[in-house]
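>>> sequence first, then the predicted structure, then my questions.
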Amino acid sequence: MAARRTDQPAHDDRIAVDPNVLVGKPVVRGTRISVELVLRHLAENPDLNDLFAAYPQSNLDDVKACLEYARALVGGEDVYPRSAGAASG
């Protein structure tokens, strides 16, 4: 078993971004299950058994990879707080 490079994100072996699959949306490698779909499903219904029933080719490691991918994206964002008087839009 090959050791993971320390600079390689934990989700790299499970999440793929390919312009020929779902127009380049990040997906669980080898499937057309998008990270967005997994996150949306978990937000609406966090029961993993329901997720696995709906997408039997997925597993816990795939879900963890989707969450890690999302965490990495959010963690890399620059956030600029809006002033108290700013209009919402």
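Structure received. Here the structure is a predicted model, which means the values were calculated and not measured.
>>> and the average pLDDT for the helix or strand harbouring A72 is what?
Following DSSP states H and E, one finds A72 within helix 60-75. Regarding helix 60-75, the rounded mean pLDDT is 95.
>>> show me what that helix is packed against.
If you count contacts as 3 or more C-beta pairs under 8 Å, 6 or more residues apart in numbering; DSSP states H and E, helix 60-75 packs onto strand 15-16, strand 27-28, helix 35-44, helix 48-54. C-betas here are computed from N, CA, C, even on glycine.
>>> and the contacts of the second one?
Spelled out, that is strand 27-28. With C-beta atoms under 8 Å, 6 or more residues apart in numbering as the test, strand 27-28 has contacts from 14-18, 21, 33-35, 38, 58, 62, 65-66.
>>> check the third one too.
Helix 35-44 has contacts (C-beta under 8 Å, 6+ apart) with 15, 25-28, 50-51, 54, 58, 62-63, 66-67, 69-70.
>>> for the helix holding A72, which positions count as buried?
Neighbour-count burial for helix 60-75 flags 62-63, 65-66, 68-70 (criterion: 16 or more other C-beta atoms under 10 Å).
>>> who's in contact with the residue most central in space within the chain?
With distances taken as C-alpha atoms, centre = their mean, C66 lies nearest the centre of the chain, 2.9 Å away. Taking C-beta under 8 Å, 6+ apart, we find C66 in contact with 11, 15, 28, 35, 38-39.
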